[in-house]
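[1] Sequence first, then the predicted structure, then my questions.
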Amino acid sequence: MIKNEQEKIVSQNKKATHEYVIEERYECGIVLKGTEIKAIRCGKVSLQDSYCYIKKGEIFISGMNISKYEMGNIFNHKPDQTRKLLLHKQEIIRLDTKVKKDGITIIPTKVYLKKGLAKVEIALAKGKKLYDKREDLKQKATQKELRKY
C-alpha cells in the first residue's frame with residue numbers, strides 16, 4: 001500500500017542539529033487562532049530561539065514567531081504568543097519524565113503542512129559541548145573533501 005502524504009516544509013530549525021544531540025522526534029499538531037494558518041501557509045514562521053515546556057499535563061511552544069498575515073484585519077493574531085501543542089497523554093507523560101529525569105530539552109525542529117494541517121516536529125535533545133560542536137564541523141569538512149574527489 002502506497003501512502004501519498006504530501007508534506008511541505010514551511011520552516012526548519014537548522015541550528016538544532018548543531019547545538020543539540022537529537023535523541024527522539026515526535027510529530028504533533030498545533031492549536032492556531034485566527035489568521036495564523038494563513039501566515040503559516042505563506043511561510044511566515046520562525047523557530048529561532050523557540051522551545052517547548054510541559055505544564056499541568058499539557059505541552060506548549062514558546063518563542064515561535066508567526067508573523068502577522070498581511071491581508072488580515074483588526075482580528076489579526078499576536079506574532080509571539082505561546083501556543084498549545086497536541087500530543088497523546090502518554091507521549092506527554094513520557095516526555096515529562098525524560099525531561100525531569102535526564103535533564104533533556106524539548107525543542108521544535110520543523111513546521112510543515114501535512115494534508116492541509118499545520119504540524120510541528122519536536123525533538124528530545126541534549127545540549128552539545130563546545131568540543132562536540134568542533135568535532136562535528138571537522139567531520140563535515142572531511143566528508144565534503146571526500147565528495148570532491
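    Looks like it arrived, so ask away. Numbering: from 1, shown residues only.

[2] residue contacts, Asp132?
    Applying C-beta atoms under 8 Å, 6 or more residues apart in numbering to Asp132 gives the contacts Val21. Yep, even glycine has a C-beta here, placed from its N, CA and C like the rest.

[3] so how far is the strand or helix carrying it from its chain's centroid?
    In the assignment (DSSP states H and E), Asp132 maps to helix 130-148. Relative to its parent chain, helix 130-148 has a centroid offset of 25 Å by C-alpha atoms, centre = their mean, to the nearest Å.

[4] Now do the buried residues in it.
    Residues of helix 130-148 classed as buried by neighbour count (16 or more other C-beta atoms under 10 Å): none.

[5] could I have that helix exported to CSV, CA atoms only?
    What follows is helix 130-148 as a C-alpha-only set of coordinates in CSV (Å, rounded to 0.1, in the frame of the first residue of the first chain):
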residue,chain,number,x,y,z
LEU,A,130,31.9,23.1,22.5
TYR,A,131,34.4,20.3,21.7
ASP,A,132,31.5,18.2,20.3
LYS,A,133,30.5,21.0,18.0
ARG,A,134,34.1,21.4,16.8
GLU,A,135,34.3,17.6,16.2
ASP,A,136,31.1,17.7,14.1
LEU,A,137,32.5,20.6,12.0
LYS,A,138,35.7,18.6,11.4
GLN,A,139,33.7,15.6,10.2
LYS,A,140,31.6,17.7,7.9
ALA,A,141,34.7,19.3,6.4
THR,A,142,36.3,15.9,5.8
GLN,A,143,33.1,14.5,4.2
LYS,A,144,33.0,17.5,1.9
GLU,A,145,36.6,16.9,0.9
LEU,A,146,36.0,13.3,0.2
ARG,A,147,33.0,14.1,-2.0
LYS,A,148,35.2,16.4,-4.1
